[in-house]
Structure formats: C-alpha cells, structure tokens
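[1] structure, please.
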Amino acid sequence: MIFTRTLKLPLKPTTSFFLWGPRQTGKTTLLNKIYPKAHKINLLKRDLLLRYSQKPWLLREELLAKSKKQLVIIDEIQKVPALLDEVHYLIEEENMTFVLCGSSARKVKRGHANLLGGRALKYELLGLSINEIADEFDLIRIINTGPLPSHYLHNNPYLALRSYVDDYLKEEILDEGIVRNLPVFSDFLRVSAIGDTEVINLTNIARECGVSAATVRDHYSILTDTLLGAFVPSFTKKPKRRTIQAPKFYFRDVGVVNHLVRRRDIEPGTPGFGKAFKNWLFHELSIHSRYSEQFYDITHWRLTTGVEVDFIIHDGNTAIEVKGKEKITSNDLKGLIEFKKEYPEVKSRIIVCLEPVARKMKNGILILPYQEFINRLYRNEFK
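    Predicted coordinates:
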C-alpha cells in the first residue's frame, strides 16, 4: 500500500528547514521521494556518526570540496548537535540550503537553543491521517495499531508496537543519556499512558511512580521533546465561572498507549474505545492544524463541576465533543450547552461520533459522523 503524504514541503527549497517527527513516521522516505538528487547524510550510519561526532568540521570541508552546490539532507541531526555550527556557517557564508531531519529536538535544544536563530523553517510530519490512507482507511484498525505507516500495515502490529517502545526507551532515552534511571522512566511511561486524554495531576502521578512532582514534570517534557506526546492546555479566554486550569496530555500514537496499558482488540462498545477514539481525533486535528498551515491552538474546557468540552479550536469559535458511540443522547450535549452559556459568541458546536448520518439539533449543535467532520474540517467550514 502506497500512502500519499499531504505535508506540503517546498519542491525547490531556497531556505533551509527542519523536519521533525516521531520515530518511523516516514520522514526519510518522504524526503527521498521529494528530493531524489539531494546529497544525503544519514547519522544512523555508525561510521558517519562517529566521524562527525569527533570532528564536526569535516562536514564543512567535505561540502565545500564538492564541485557544485546541491541541497543537503542531514538525517537524525539530533545525534550530533555540534554539526549545526557548521550548518550555520555554510548557510550564512556559502548560501547553502539544508534539510535537517530528526525525531527529537531535546538534545538540539540543550546545545543550540536558538535552532539556527530563525534561519531555518520548521515542519512536522506526524503519523498517517485519514486523507493519506484514503479508501483503505479502517477506523478500527488505526485505533488498534496507531497511525505509524509500518504499524498500520504490519501483520502483527502488537509485536511491532512492543519493539517500537523498546527501541524508544533504548535509542531515544538510554543511549542519549536523557534520564539516569530508566526503570523509573519506564514506570512513568506506563502511568502516563493510563492517563492519556485526561487532565494531568502531577502530585498523583508522582505518588504513583514514587518520585517527585518535579521529576514527573521533567519526564513529561521528555515525552513532548521526543515527540511522543503533546499537552492540550486549558481554554482560559475570559472565564466567567471557575475552570480547571491544568492541561491534558495526549500521546501522539494511540498504538503506543494500547501497548503500554495492555489494551487489545478495541472495538466500539469495548472498554477503552472512547479514549482511543478521542486520541485519534486529536491526532487528526493536530495534522490539520499543521498541514493546512493555520496553526490554530487546540485546547480543552472543563468546569470545576466536571462538565467539559474535549477540544476548543480557532480561539473559541469551534467547540468539539468526541463520543465513541453510535447513538448520541441529551446527556452528551451538556458540555457544549454550558460552553455556549459561557461563550455565546461560539460559532460551531459539534459532537463527533459514530452515528451514520449528520444531523443538527434545535439548539444548533451539529452531530457529525467522524468522516463528515473531517471532510468539513478540510473544507474550512469551522473557523
């Protein structure tokens, strides 16, 4: 199966850029397809990694010795952050263009906080979207396997997910020296996966893991820097009533969550389907925000009474509640009704669900099948 990735990269780049993305999202494959004639340096090759780690200036000398200038792709740039000094020089003094690709900005940020001082653009490639899979899209499959191409297609996705998490702990965490106590981090990973899509309580998680709240906070920053997850902050625009200010946390890959919490064979009506469905919809919103280059914030809204709305986008103009069920009842409308009382200017209130046909309630709330919601989202009907 061939997927058509929808991230818009410049066909003939004149400005250098970073391409970040979680492990195995297909960054290298995409770059090879778009830039087949580029000069490629892959730091996964052990000999290159050792040579440039010991003598990063060799990059400058080797590229200057080339007879003609061409686009240069450096894959896994986070493994040798010192190369960015050489890249910086070649951009400034030699007018060269680079594509810098990696799965973690954490090590780069530690050594080069300015990331070339704004001289390079930034793109992110996430897992597969419903539009990239097109006619081959299977909701139940992606909710079980997660959105990574290799897992979605795998004959044994559960084994693939286990290997993926093990490789993440070894190559991203242990080999890079990000944490000193890997068993503690592994335990945190499991506990944080249990709380996927939920409001974070650092104190409770710290107690569960037997560490300090500061350690938990740092571990969450590792998940975001290594692109394994993302925070969804609270929507705080002029609140009239008391709201929960704490963020929620979403893993980027629902398949990883399934592995960590030992959740398998997820289908509508089974335990965990609702949370997995919500995680997948966050994934789709994240892709749309980035790939459409609208870059809208994705937030959540929750009163202290527990009434909530899953996602608020476009600065409060659109409120989205996600229900992994085939029949929406009046009880499912509470959050959107209360949000309208708080923010009467809201333009669109939507429940994304498994109902087969779209319908509109008397109070203006749209009930949309998930496919219909995605189609309308890309038609820019919600702004």
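[2] got the contact list for L182?
    L169, I173, L174 (Cβ atoms under 8 Å, 6 or more residues apart in numbering). C-beta: built from backbone N, CA, C; applies to glycine.
[3] do the same with N279
    D196, T197, Y250, F251, V254, V257.
[4] next, count neighbours for the fifth one.
    Put plainly, it is V254. 29 (other Cβ atoms under 10 Å).
[5] do you know how far it is from S286?
    Note on V254: its distance to S286, by Cβ to Cβ, to the nearest Å, is 12 Å.
[6] how about the nearest residue to F311, chain neighbours excluded?
    Closest residue to F311 apart from its sequence neighbours, by Cβ to Cβ, 6 or more residues apart in numbering: I320 at 4.2 Å.
[7] now E372
    For E372, the spatially nearest residue (Cβ to Cβ, 6+ apart) is A358, at 5.0 Å.
[8] I'd like the distance between that neighbour and F137.
    Separation of A358 from F137 (Cβ to Cβ): 18 Å.
[9] quick one on the thing from earlier: wait, is the residue nearest to F311 part of a helix?
    No - the assignment for I320, made by DSSP: H, G, I helix; E, B strand; the rest coil, is strand rather than a helix.
[10] what residues does it make contact with?
    With contacts defined as Cβ under 8 Å, 6+ apart, I320 is in contact with L281, L285, V309, D310, F311, I312, I313, I350, I351, V352.
[11] any idea which of these is closest to I244?
    V309 (11.7 Å; Cβ to Cβ).
[12] looks like that closest one contacts I337 (just checking).
    No - with contact defined as Cβ atoms under 8 Å, V309 does not count as touching I337 (10.0 Å).
[13] between these two, which has more neighbouring residues?
    V309 (26 against 15).
[14] and K325, how many neighbours does it have?
    K325: 16 neighbours (other Cβ under 10 Å).
[15] shouldn't it be in contact with G274?
    Yes - at 7.4 Å, K325 counts as touching G274 under the criterion of Cβ under 8 Å.
[16] in stretch 243-252, what counts as buried?
    T243, I244, A246, P247, K248, F249, Y250, F251, R252 (16 or more other Cβ atoms under 10 Å).
[17] what's the helix or strand for H300?
    Using DSSP states H and E, H300 maps to strand 299-302.
[18] which helices and strands does that strand pack with?
    The contact analysis (3 or more Cβ pairs under 8 Å, 6 or more residues apart in numbering; DSSP states H and E) places strand 299-302 against strand 308-313, helix 334-342.
[19] among the ones you listed, which is the most enclosed?
    Highest mean neighbour count of the helices and strands packed on strand 299-302: strand 308-313, a mean of 23 (counted as mean count of other Cβ atoms under 10 Å).
[20] what mean pLDDT does that strand get?
    Strand 308-313 shows an average pLDDT of 98 in the prediction.
[21] now swap in stretch 14-25 and tell me
    Averaged across stretch 14-25, pLDDT comes to 92.
[22] tell me where the stretch 251-383 of the chain has strands.
    Ranges of strands in the stretch 251-383 of the chain, per DSSP state E, counting those that start in this stretch, are 299-302, 308-313, 318-322, 348-353, 359-360, 366-369.
[23] adding distance to T15, write the ones you listed out as TSV.
    TSV is the format used below for these (distance: least, Cβ to Cβ, whole Å):
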stretch	distance to T15
strand 299-302	31
strand 308-313	29
strand 318-322	32
strand 348-353	35
strand 359-360	45
strand 366-369	38
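[24] who wins for proximity to I143 among these?
    For I143, the closest of the strands of the stretch 251-383 of the chain is strand 318-322, at 12.4 Å, according to Cβ to Cβ.
[25] rewinding a little: of the contacts of L182, which belong to strands?
    Judged by DSSP state E, these include no members of strands.
[26] mind putting those residues into a markdown table with pLDDT, distance to F373 and neighbour count?
    Formatted as a markdown table, those follow (pLDDT from 0 to 100; distance: Cβ to Cβ, whole Å; neighbours: other Cβ atoms under 10 Å):
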| residue | pLDDT | distance to F373 | neighbour count |
| --- | --- | --- | --- |
| L169 | 87 | 35 | 17 |
| I173 | 82 | 36 | 19 |
| L174 | 77 | 40 | 13 |
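[27] out of these, which is nearest to D265?
    Distance to D265 across these (Cβ to Cβ) is lowest for L169, with 24.9 Å.
[28] state the distance from that closest one to L189.
    From L169 to L189 the distance is 8 Å (Cβ to Cβ).
[29] likewise E136?
    According to Cβ to Cβ, E136 stands 31 Å off from L189.
[30] with neighbour numbers in mind, choose between the two.
    L189 (22 against 13).
[31] the more buried one reaches V257, doesn't it?
    No - checked against Cβ under 8 Å, the pair L189 and V257 is beyond contact range at 10.1 Å.
[32] which residues of the stretch 201-350 of the chain fall in helices?
    202-209, 213-225, 254-260, 273-291, 334-342 (DSSP state H, counting those that start in this stretch).
[33] what lies in contact with the second one?
    Right, helix 213-225. So helix 213-225 is contacted by 104-106, 109, 173, 178-179, 184-185, 188-189, 192, 200, 202-203, 205-206, 209, 229-231, 249, 251 (Cβ under 8 Å, 6+ apart).
[34] adding distance to E381, write the contacts of L182 out as CSV.
    Listed next are the contacts of L182 as CSV, based on distance: Cβ to Cβ, whole Å:
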residue, distance to E381
L169, 42
I173, 42
L174, 46
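[35] so which of those is the closest to T270?
    Ranked by distance to T270 (Cβ to Cβ), the contacts of L182 are led by L169 at 28.0 Å.
[36] state the distance from the closest one to E76.
    Distance of L169 to E76, computed by Cβ to Cβ: 17 Å.
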